[in-house]
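Chemist: pasting the sequence and the predicted coordinates here, then a few questions.
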Amino acid sequence: MPRTASPTAAMRRVRTLLRDTFGLSRLRPGQAAVIERVLAGQPTLAIMPTGAGKSLCYQLPALLLEGRTVVVSPLIALMKDQCESLRALGIAAVQVNSGTDGEEARAAEAAVADGSARIIMTTPERLSDPAFLELLTKHPVGLLAVDEAHCISQWGHDFRPAFLEIAHVLPRLGRPVVLALTATATERIAQDICQQLQIPADGVVNTSAYRPNLDLRVVSLAKEADKLAQVLKIVRAVQGSGIVYTATVKAAAAVHEALAAADESVGLYHGKLPAAERAAVQEAFMNGERRVMVATNAFGLGIDKPDIRFVLHYQLPATLEAYYQEAGRAGRDGETARCTLLFLRGDKAIQQFFMAGRYPGEEDAMAIVHALQEQPAEAPAWTLPLLQARIGRPRSKLQVTLGLLRKDRIVSMARDGTLRLLAKSAPASRLRALTEGYGRKRDLDREALERMVFYAQTGQCRWRVLLEHLEEDAAPFERCGHCDNCRRIAAHEAVVEDLLRRKEADAQENGDGEHEQAPAVFTRGDLVEVRRYGRGVVEEATATQVTVAFADRSRRSFLPEFVRRARAPRQQRAQDGAPA
């Protein structure tokens with residue numbers, strides 16, 4: 001469809017395709033705005049919660065725009081599912097990634113070369129491969145969709161260095177319309193995505209991250225030994241399928257063993273398992289053969305299982321973005337789902353340990369450059385495993401450092417994974433400038449972890465805390481009414497109101513009514529009000545200080561003259577027969 005078509009005509013065709021090809025009656029909130037921008041040829045960043053239908057935002061335009069659509073994603077398992085679904089609808093879709101080989105890979109590349117593939121799904125690593133890029137340029141590309149776009153930002157919780165290559169291939173593809181999609185992006189990350197993919201500031205479509213069907217809870221624990229009992233209790237209490245996330249492989253194995261011993265239908269998924277075993281256990285979970293999946297964060301991105309009824313975090317995630325991404329895999333069908341975090345203060349140290357090995361510095365970049373200046377003794381060319389063995393640094397840190405060096409055209413990586421030094425010289429000042437940004441990222445990640453701890457310990461509405469972090473201009477609200485804190489505050493207030501009514505009734509019977517004077521010193525259990533803080537219960541009182549416990553679990557001390565006895569609301573006193 002030409003990009004000059006009127007918006008009204010374009011959206012008419014969208015609705016027809018939606019009904020006749022995809023079998024859907026209407027678009028979800030946010031989808032229409034994104035699709036309309038894409039069809040108008042406008043670069044767009046769509047920030048939409050998990051389950052909001054991001055995939056349709058590029059699948060529909062792919063059938064209307066001139067040229068092919070290239071979808072870049074880190075999610076090989078999701079590519080497979082989407083390709084199969086699209087083919088079932090009669091849409092020519094192929095996937096090209098490390099998971100395809102043999103006859104399937106040859107057929108996919110042939111479809112890319114001859115132009116018969118309408119939608120081409122691939123990874124950022126394959127997109128930057130010169131041979132594959134040559135195939136893509138044989139026919140016009142109308143749309144480049146970047147899924148999980150937060151991975152492009154070094155400030156994000158899930159930075160993937162390979163995503164940095166996407167900006168470099170845009171000119172080779174003829175600068176197609178760019179659509180970036182993610183479920184989570186703070187203001188800073190959104191700006192970074194837009195800058196790298198040349199999306200204007202007014203090209204961001206941000207639908208609310210709020211999902212009222214997700215019931216947020218935190219269970220605070222005093223010791224590690226209590227955790228497994230809590231997992232068993234929660235898993236047994238909730239019907240339907242669910243995911244238990246752990247931060248470490250060791251913890252995942254322990255939780256899996258405990259659930260299996262309790263005769264739960266459970267699978268185990270982490271990055272150290274063989275690929276075939278991971279694929280088999282994922283398939284078993286997706287088709288319902290396994291009710292519970294115990295996994296590290298290696299599992300879940302793009303998992304399209306709508307009926308997950310609970311997500312349980314066994315250990316503290318590193319950021320609220322990561323927590324929202326993982327918890328958000330529950331309840332994609334819109335039905336109620338429970339999202340529970342087990343909080344043990346010591347779990348913070350696990351994330352701090354991971355952080356220590358995450359940030360590259362000048363010395364890491366210099367070590368790689370020096371190594372690549374020599375010929376390896378073990379092989380014809382350097383690879384990441386050989387570098388890791390030579391330099392002795394964590395793999396994740398080397399991957400990030402190599403990503404930065406490749407972005408700056410100091411190092412190149414061939415399709416077979418071999419590395420080559422491009423720059424004849426890389427002075428220390430250049431390497432320092434390349435890596436110094438990670439000093440700031442270290443500070444930001446520490447702040448993000450503290451925010452995650454705050455979420456776990458807060459007495460405020462949990463959805464309010466999440467939205468204030470995820471959405472710069474989130475519409476503020478005091479309570480969602482369906483997280484554990486909101487329920488606890490409501491129960492506390494109900495008890496307070498009941499006690500107030502009884503005290504008011506007693507005062508009326510004794511003839512004191514409205515003339516009761518507040519005592520100079522309060523006693524434990526008195527129901528009081530403090531300006532700005534609201535109602536609470538006296539925990540301790542002397543002639544010079546009153547300590548009050550409030551519904552949000554806070555405890556504050558005041559001079560007695562700033563504290564007064566709580567009274568039932570005016571309307572309630574009238575209902576109870578007191579003078580209004």
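Modeler: Cool, got the structure. Residues are numbered from 1 along each chain as shown.
Chemist: distance between stretch 479-489 and the chain's centre?
Modeler: Relative to the centre of its chain, stretch 479-489 is centred 22 Å away, using CA atoms, centre = their mean, to the nearest Å.
Chemist: before we move on, what about stretch 294-309?
Modeler: For stretch 294-309 - counting by CA atoms, centre = their mean - the centre lies 12 Å from the chain centre.
Chemist: likewise for stretch 488-499?
Modeler: 34 Å.
Chemist: got the buried residues for it?
Modeler: 489, 492, 496-497, 499 (16 or more other CB atoms under 10 Å). For every residue, glycine as well, the C-beta is placed using N, CA and C.
Chemist: do the same with stretch 409-422
Modeler: So stretch 409-422, judged by 16+ other CB under 10 Å, has buried residues 410-411, 413, 418-419, 421.
Chemist: my read: A379 touches L387, true?
Modeler: No. Checked against CB atoms under 8 Å, the pair A379 and L387 is beyond contact range at 11.1 Å.
Chemist: can you put the buried residues of stretch 488-499 in CSV and add pLDDT and distance to L27?
Modeler: Formatted as CSV, those follow (pLDDT from 0 to 100; distance: CB to CB, whole Å):
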residue, pLDDT, distance to L27
I489, 83, 37
H492, 78, 42
V496, 70, 45
E497, 73, 44
L499, 72, 50
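Chemist: looking at the residues you listed, which one is closest to A117?
Modeler: I489 (54.8 Å; CB to CB).
Chemist: please, which helix or strand holds the closest one?
Modeler: helix 484-509 (DSSP states H and E).
Chemist: state the number of residues packed around E321.
Modeler: E321 has 26 neighbours, counted by other CB atoms under 10 Å.
Chemist: gap between it and L470?
Modeler: 7 Å (CB to CB, to the nearest Å).
Chemist: joint contacts of these two?
Modeler: Residues within reach of E321 and of L470 at once, by CB atoms under 8 Å, 6 or more residues apart in numbering, are 184, 186.
Chemist: what's the helix holding I489 packed up against?
Modeler: With contacts defined as 3 or more CB pairs under 8 Å, 6 or more residues apart in numbering; DSSP states H and E, the packing partners of helix 484-509 are strand 214-220, helix 462-470, strand 527-530, strand 534-541, helix 570-575.
Chemist: how about JSON lines for those, with distance to H256 added?
Modeler: JSON lines is the format used below for the helices and strands packed on helix 484-509 (distance: least, CB to CB, whole Å):
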{"stretch": "strand 214-220", "distance to H256": "20"}
{"stretch": "helix 462-470", "distance to H256": "28"}
{"stretch": "strand 527-530", "distance to H256": "48"}
{"stretch": "strand 534-541", "distance to H256": "43"}
{"stretch": "helix 570-575", "distance to H256": "53"}
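Chemist: pick the most deeply packed of these.
Modeler: Each of those was assessed for mean neighbour count using mean count of other CB atoms under 10 Å. The highest is helix 462-470, with a mean of 21.
Chemist: need the buried residues of stretch 488-499 in CSV with distance to L402, can you?
Modeler: Compiled in CSV, the buried residues of stretch 488-499 are given as follows (distance: CB to CB, whole Å):
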residue, distance to L402
I489, 49
H492, 54
V496, 59
E497, 62
L499, 64
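Chemist: okay, the helices and strands packed on helix 484-509 in CSV with mean pLDDT and distance to T16 next?
Modeler: Formatted as CSV, the helices and strands packed on helix 484-509 follow (pLDDT from 0 to 100; distance: least, CB to CB, whole Å):
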stretch, mean pLDDT, distance to T16
strand 214-220, 95, 34
helix 462-470, 89, 35
strand 527-530, 88, 60
strand 534-541, 86, 55
helix 570-575, 44, 54
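Chemist: chain center to the helix holding I489: distance?
Modeler: 39 Å.
Chemist: hey, what's the angle from it to helix 462-470? Just curious.
Modeler: Helix 484-509 and helix 462-470 are oriented at 130 degrees to each other (axes from the mean of the first three to the mean of the last three CA atoms, to 10 degrees).
Chemist: just the angle between helix 484-509 and strand 534-541, please?
Modeler: Using the same axes, to 10 degrees: helix 484-509 against strand 534-541 is 80 degrees.
Chemist: can you list contacts of the strand or helix carrying R564?
Modeler: Per DSSP H and E, R564 falls inside strand 563-565. The contact list for strand 563-565 (CB under 8 Å, 6+ apart) reads 516, 518, 522, 526-530, 538, 546, 548.
Chemist: pick out the most distant pair among these.
Modeler: Longest span within the contacts of strand 563-565, CB to CB: E516 and V548, 19.3 Å.
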